[in-house]
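1. Need a 3D model of the following:
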Amino acid sequence: MMKDRAKKKITIHDVAREANVSISTVSHVLNGTAKISDATRQRVIEVVQRFNYVPNGYGLRGRDKNSKVVGVMVADIKNEFYARCVQSIMNVALQENYTTMICEMAFNYKKECMGVDALLDKGVDGIIFIGGSMDGNIIRKANKSVPVILCDRKIAGSSLPSVTTDNVSAMRNLISLLKEWGYTKIGLLSETLEMDNLKDRCLGFKAGMEENGLKQYKEFMLFHPDLKLDKATAANCFLREHLERHGTRKLPEVFVTTSDLIAAGAISALRKYGIRIPGDIGITGFDDISLAANLDPPLTTIAQNMEEMGLYCFRNILNLINGTAIGVPHSVIDAQIVIRKSVIDRRMPAWNKMKKSC
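-> Below is the predicted model:
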């Protein structure tokens, strides 16, 4: 074993595995930052000495000394929503002389575990989780070592600090607007409801439909797990397959989607079948990434304030790091409806003219 390990640099992962303890336990033993049993402490020390393990510059630090580094675990760095949240965090962190270390989870449990372990190994002062998988145990484990903040993510039954959009109110307001504009058959196109933010959007959708006396058509509620990553491409493929199976006549008057990228893929799929937007069907998005205003037609969407979400994430975690937080910080950011041209007020003369030209 020693011969094999000599070929590569020994890491805290190797020490933890050999001592049969967690990464955080090794870190606590090395830093003296928590009560560890004498037997466990001795076992870790023996492995450290046997492997001649030398902690990196961040991983070994005094109890009262901060590394001035914050870790960020992000669900999908290619998605502009997540990227702009991260950019905001980095900008605010720089103002406080902090740097950031970023790991992508890609909705993958193993990648999330490895990312968290790596950040703890580097001795970050706290970790911000933006989106991600359902499993909360990874986050709870990280929180035993450092403060954490959840962004665009909640864990049921947990009081962990969070920064979220008011997804329920945003969806309810959108349904009310669509009803006011004459839409009555409204569909929902979304990835499967694994994350709480998506559950809230669906809850807001259903509440808005009920409040406005609108029937919820099961055949217009479309969900698919592949829409988590590569959303535009996956949505395009999914909706084209749906249209091939069910035809173009059984469609709602408008599709509400849970992402601008899903909406973009849906628009492309509908056009392949000669379906005009908004003449034949309306469509809305969620996020208001830069693509939304540049689609044809420009996309009506719900705008999340990504810059403000990043700002609150860093401010809240900095307060937790410095011990200045009052209670458990939970920040809820309002979202705004941005009206463009992918839906139309069906009460207006322009709609009647468009309808006659079909």
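2. can we go C-alpha only for contacts and neighbour counts from here?
-> Will do.
3. separation between the residue nearest in space to the middle of the chain and Val15?
-> By Cα atoms, centre = their mean, the chain has its centre lying nearest to Gly131, at 2.2 Å. Per Cα to Cα, to the nearest Å, Gly131 is found 30 Å from Val15.
4. before we move on, what about Ser158?
-> Distance from Ser158 to Val15, by Cα to Cα: 31 Å.
5. quick one: which of those two has more around it?
-> Using other Cα atoms under 10 Å, the more surrounded residue of Ser158 and Val15 is Val15, with 24 against 9.
6. so that one touches Glu46, yeah?
-> No: using Cα atoms under 8 Å, Val15 is not in contact with Glu46, being 9.7 Å away.
7. Doesn't Ile102 lie inside a helix?
-> No: Ile102 is assigned strand when assessed by DSSP: H, G, I helix; E, B strand; the rest coil, not a helix.
8. which other helices and strands contact the strand or helix carrying Asn91?
-> Using DSSP states H and E, Asn91 maps to helix 80-95. Packing contacts for helix 80-95, counted by 3 or more Cα pairs under 8 Å, 6 or more residues apart in numbering; DSSP states H and E, involve strand 69-74, strand 99-104, helix 306-322.
9. by how many degrees do that helix and strand 99-104 diverge?
-> Between the axes of helix 80-95 and strand 99-104, defined by axes from the mean of the first three to the mean of the last three Cα atoms, to 10 degrees, the angle is 160 degrees.
10. still on that earlier bit, which of the helices and strands packed on helix 80-95 sits closest to Leu178?
-> Comparison of the helices and strands packed on helix 80-95 against Leu178 by Cα to Cα identifies helix 306-322 as nearest, at 24.7 Å.
11. average pLDDT for the closest one?
-> Per-residue pLDDT values over helix 306-322 give a mean of 95.
12. what angle do it and helix 80-95 make?
-> In terms of direction (the same axes, to 10 degrees), helix 306-322 departs from helix 80-95 by 50 degrees.
13. Any idea how far helix 306-322 is from the middle of the chain?
-> Distance of helix 306-322 from its chain centroid, counting by Cα atoms, centre = their mean, to the nearest Å, is 16 Å.
14. One more: stretch 18-28?
-> For stretch 18-28 - counting by Cα atoms, centre = their mean - the centre lies 29 Å from the chain centre.
15. Please renumber the chain so that the first residue is 39 from this point on.
-> In the new numbering, first residue 39, that becomes stretch 56-66.
16. export that stretch as CSV, just CAs?
-> Taking only C-alpha atoms (Å, rounded to 0.1, in the frame of the first residue of the first chain), the coordinates of stretch 56-66 have been written out as CSV:
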residue,chain,number,x,y,z
GLU,A,56,-7.2,4.8,6.0
ALA,A,57,-8.3,6.1,9.4
ASN,A,58,-11.9,5.2,8.7
VAL,A,59,-13.2,8.7,9.6
SER,A,60,-14.7,11.6,7.7
ILE,A,61,-12.7,14.4,6.0
SER,A,62,-14.0,16.9,8.5
THR,A,63,-12.8,14.7,11.4
VAL,A,64,-9.3,14.7,9.9
SER,A,65,-9.5,18.5,9.5
HIS,A,66,-10.7,18.9,13.1
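17. What separation is there between Phe243 and Lys217?
-> With Cα to Cα as the criterion, Phe243 and Lys217 are 12 Å apart.
18. With neighbour numbers in mind, choose between these two.
-> A count of neighbours by other Cα under 10 Å puts Phe243 above the other of Phe243 and Lys217, at 27 against 20.
19. Just want the phi and psi numbers for the more buried one.
-> phi -60, psi -50 (degrees, to the nearest 10).
20. residues in contact with it?
-> 206, 209-210, 213 (Cα atoms under 8 Å, 6 or more residues apart in numbering).
21. could you flag which of those are buried?
-> Neighbour counting with 16 or more other Cα atoms under 10 Å marks 206, 209-210, 213 as buried within the contacts of Phe243.
22. what's the pLDDT at the residue nearest to the centre of the chain?
-> If you check Gly169, the pLDDT there is 90.
23. ok, Tyr255 - how many residues close by?
-> The number of residues packed around Tyr255, counting by other Cα under 10 Å, is 12.
24. same deal with His284?
-> Using other Cα under 10 Å, His284 has 11 other residues around it.
25. same thing with Ile115?
-> Neighbours of Ile115 (other Cα under 10 Å): 18.
26. That one: what's it in contact with?
-> Neighbour list for Ile115: 121, 142 [criterion: Cα under 8 Å, 6+ apart].
27. Phe352 versus that one, what's the distance?
-> Distance, Ile115 to Phe352, using Cα to Cα: 18 Å.
28. what about Asn274, helix or strand, and which?
-> In the assignment (DSSP H and E), Asn274 maps to helix 269-284.
29. now that helix, how far from the chain's geometric center?
-> Mean-position distance between helix 269-284 and its chain equals 23 Å (Cα atoms, centre = their mean).
30. Show me what it packs onto, helices and strands only.
-> Here helix 269-284 touches helix 298-310, going by 3+ Cα pairs under 8 Å, 6+ apart.
31. Adjacent strands (with direction) for the next helix or strand after the helix it packs on?
-> With elements assigned by DSSP H and E, the helix or strand that comes after helix 298-310 is strand 320-325. Paired strands of strand 320-325, with direction, are strand 292-295 (parallel), strand 338-341 (parallel) (DSSP bridges).
32. which residues sit against strand 320-325?
-> Against strand 320-325 from outside (Cα under 8 Å, 6+ apart): 119, 291-301, 305, 315, 330, 337-342, 380-382.
33. Buried ones among these?
-> Listed as buried from those are 119, 291-301, 305, 315, 330, 337-342, 380-382; burial here means 16+ other Cα under 10 Å.
34. Sweet, I'm off.
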